[in-house]
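Undergrad: Sequence first, then the predicted structure, then my questions.
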Amino acid sequence: MLGISNFVLPLRPVLRIRIFNHILGSRPANLSMTKTTNSLGATIRRATLLIAALFTFGLAQAQQDGYQKDNEIFRLGVEARFDYLHEAIDGTKINGNSGFKVRYFNLRMDGQITPKFSYSWRQRFNRMNSLSDFAQNTDWLHLTYRPTENWAISAGKQVVMIGGWEYDRAPIELYFCSEYWNNVACYQLGASVAYTTNEGNDTLTFQFCQSPYDHAEADYFAYNLYWSGQHGFFSALYSLNFSQYAPGKYDAYVVLGNQFQFGDAKLQLDLMNRGVSARELLFDNFSIMGEFSYLVADRVNIFAKATYDKVGNNYASGLFLYPGSEITRLGGGVEYYPLSHKGNRDIRLHAVYAHTLGTNTNPAPTAVNKQSYLTVGLTWKIDILSAAEKFINKVRK
């Protein structure tokens, strides 16, 4: 669940780190797994200038503070994933979705302003083609206030607090997902308050934010109640969500995200039941996402995954999933961590294949019948200031 949290500020209990990642925004981006852009020249130039400016500031701060590890005013990280993709439908290659792609190019900045105030910001660059896209591609940007060890209050652009492990994981860690995941508008303006027990095993969060169905003509809101728990081999990400999609009308979710871990073996099973009426909440409209993974010798992770989305014929049209859809995705893959002998996960190689079956009535679907999907690629992450510190210390020696 920590996903891209290499640069997240450390908190006292392990579970609190996990939950505040949700409050601080480590939920996956609302990116279609099959839609990319190749017009990256101007975007990369802008990103390079921004990173250079932030790097200069951070390095000066680090030099001023003598590289004190406990100084957390400014942390800067960059992550990227490059893939070779091959996508086909019933054996016919889809040229626009195949070839070498920059899937993710993200900038992440976090800081501890005071012992009680912190901030977090993540910006995507691989899909930005104009200045107007900059705010749209800001995944999150918010301030968090912690009056005590148990309470946290956050406001700004946030991740909508919906349960489930597939939803929670960072998109750079995922290769193929459910049709729901590929369409949900998961980043919205809002505020949240969270309470963590003294033991640190359970956190309950309430969030009020713009509805994922929000549009320019009206203000729609969402009300989200979220529980995260860790008890031995079992961890939970559960939620109850009410998202407004029309005046006086709400789409309700009940999400049960379950994780079972036994040594190096892990099973994640998400059950999402949704509906705009009581009838649909009786399992007429739901998604199931499951993944089993096994880590071999701390270097190789093998996994198999399946997703199933079913949408009742009475479900309101125009929401993230369309009435009459019933779509299944099956696949698996392997990940290799060449630096794992040093306890490092910052470089990863992957090879993954998935196949899709069923009916999707969405006019712009991400998953269609007889679709095959193959990806082979490289992911890397770097903490810029930490790398600069190591370099300068080496030079000084």
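TA: Everything's here; your move.
Undergrad: And residue 200, how far from residue 144?
TA: Relative to residue 144, residue 200 is positioned 17 Å away (C-beta to C-beta, to the nearest Å). (Glycine included, C-beta is placed from N, CA and C.)
Undergrad: Neighbour count for these two, which is higher?
TA: More neighbours surround residue 144 than the other of residue 200 and residue 144, with 24 against 19 (other C-beta atoms under 10 Å).
Undergrad: Nearest spatial neighbour of residue 231, chain-adjacent residues omitted?
TA: Of all residues beyond its chain neighbours, the one nearest residue 231 is residue 201 (6.2 Å), with distances taken as C-beta to C-beta, 6 or more residues apart in numbering.
Undergrad: and the one you found, how many neighbours does it have?
TA: Burial of residue 201, expressed as a neighbour count using other C-beta under 10 Å, amounts to 17.
Undergrad: Next: residue 382.
TA: Residue 382 - counted by other C-beta under 10 Å - has 16 other residues nearby.
Undergrad: Tell me who's in contact with the closest residue to it other than its chain neighbours.
TA: The shortest distance from residue 382 to any non-neighbouring residue, by C-beta to C-beta, 6+ apart, is to residue 78 (5.5 Å). For residue 78, the residues meeting the contact criterion (C-beta atoms under 8 Å, 6 or more residues apart in numbering) are 51, 105-108, 381-382, 384.
Undergrad: beta partners for residue 154?
TA: For residue 154, the residues forming beta bridges with it (DSSP bridges) are residue 144, residue 192.
Undergrad: where's it relative to residue 168, distance?
TA: Using C-beta to C-beta, one obtains 16 Å as the distance from residue 154 to residue 168.
Undergrad: Report the separation between the residue nearest to residue 382 and residue 156.
TA: With distances defined as C-beta to C-beta, the gap from residue 78 to residue 156 amounts to 22 Å.
Undergrad: One more: residue 364?
TA: Counting by C-beta to C-beta, the gap from residue 364 to residue 156 is 30 Å.
Undergrad: Please say which of those two ends up with more neighbours.
TA: For the pair residue 364 and residue 156, the greater number of neighbours falls to residue 156 (19 against 9), based on other C-beta under 10 Å.
Undergrad: Shouldn't residue 182 be within a strand?
TA: No: assignment of residue 182 by DSSP: H, G, I helix; E, B strand; the rest coil gives helix, placing it outside any strand.
Undergrad: and the helix or strand hosting residue 167, how far from the chain's centre?
TA: Following DSSP states H and E, the helix or strand that holds residue 167 is helix 165-168. For helix 165-168, the distance between its averaged C-alpha position and the chain's averaged C-alpha position is 7 Å (C-alpha atoms, centre = their mean, to the nearest Å).
Undergrad: what mean pLDDT does that helix have?
TA: Per-residue pLDDT values over helix 165-168 give a mean of 97.
Undergrad: Right, I'll call it a day here.
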